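Undergrad: the amino acid sequence is not available; the structure is as follows:
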């Protein structure tokens with residue numbers, strides 16, 4: 001298994017490198033890079049799985065969010081899985097004050113980029129993704145279905 005990780009700020013990078021060196025010393029330190037998700041340098045069709053856990057809500061606006069998603073999709077191999085845990089207004093429309101565009105003030109006082117159903121369905125269409133559900137949602141490239 002190959003493990004890689006981009007992070008936009010260098011400070012968490014040393015923590016990740018130290019942890020990897022201790023737990024999985026065979027992983028090259030160069031796999032962990034200080035670079036924004038939207039311009040990560042990994043090659044096309046590189047990853048079997050792209051995991052984005054509580055990262056996308058840091059987007060400034062629709063343009064940056066779209067770039068983050070397209071970059072994640074770009075590095076994903078055909079038939080791979082993109083898992084994104086992200087913040088949304090789905091089921092809670094109108095509960096968070098808007099600060100700008102899709103950025104909202106949350107009850108803890110932080111500001112986050114929150115997706116909505118229209119945005120997700122538009123991205124699904126634009127990326128050529130097929131979305132279906134059995135017990136859980138799954139996205140796949142249409143060419144793989």
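TA: Yep, it's here. Everything numeric here is computed off the predicted structure, so don't read it as measured data.
Undergrad: nearest residue to residue 64 in space, please, no chain neighbours.
TA: With sequence-adjacent residues excluded and distances taken as Cβ to Cβ, 6 or more residues apart in numbering, residue 64 is closest to residue 38, at 6.2 Å. Quick note: C-beta positions are derived from backbone N, CA and C, even for glycine.
Undergrad: could I get the contacting residues of the one you found?
TA: 64, 67, 68, 70, 71 (Cβ atoms under 8 Å, 6 or more residues apart in numbering).
Undergrad: what's the answer for residue 44, then?
TA: Counting by Cβ under 8 Å, 6+ apart, residue 44 touches 74, 75.
Undergrad: if I look at it, how far off is residue 8?
TA: Taken as Cβ to Cβ, to the nearest Å, the spacing of residue 44 relative to residue 8 amounts to 21 Å.
Undergrad: same deal with residue 127?
TA: Applying Cβ to Cβ to residue 127 and residue 8 gives a distance of 22 Å.
Undergrad: looking at those two, which is more packed in?
TA: It is residue 127, of residue 127 and residue 8, that has more neighbours when counted by other Cβ atoms under 10 Å, with 18 against 15.
Undergrad: out of the contacts of residue 38, who's the most crowded?
TA: Most neighbours among these, by other Cβ under 10 Å: residue 68, with 22 neighbours.
Undergrad: what's downstream of the helix or strand hosting it, the next helix or strand?
TA: In the assignment (DSSP states H and E), residue 68 maps to helix 62-75. Sequence order places strand 76-85 as the next helix or strand after helix 62-75, per DSSP H and E.
Undergrad: got the buried residues for that following strand?
TA: Going by neighbour count (16 or more other Cβ atoms under 10 Å), the buried part of strand 76-85 is 76, 80, 82, 84.
Undergrad: which residues touch the residue nearest to the second one when sequence neighbours are not counted?
TA: On the basis of Cβ to Cβ, 6+ apart, the spatially nearest residue to residue 80 that is not a chain neighbour turns out to be residue 48, at 5.0 Å. With contact taken as Cβ under 8 Å, 6+ apart, residue 48 is in contact with 77, 80, 81.
Undergrad: the residue most central in space within the chain and residue 26, how far apart?
TA: Note on the chain: the residue nearest the mean C-alpha position is residue 52, at 3.8 Å, using Cα atoms, centre = their mean. Distance, residue 52 to residue 26, by Cβ to Cβ: 24 Å.
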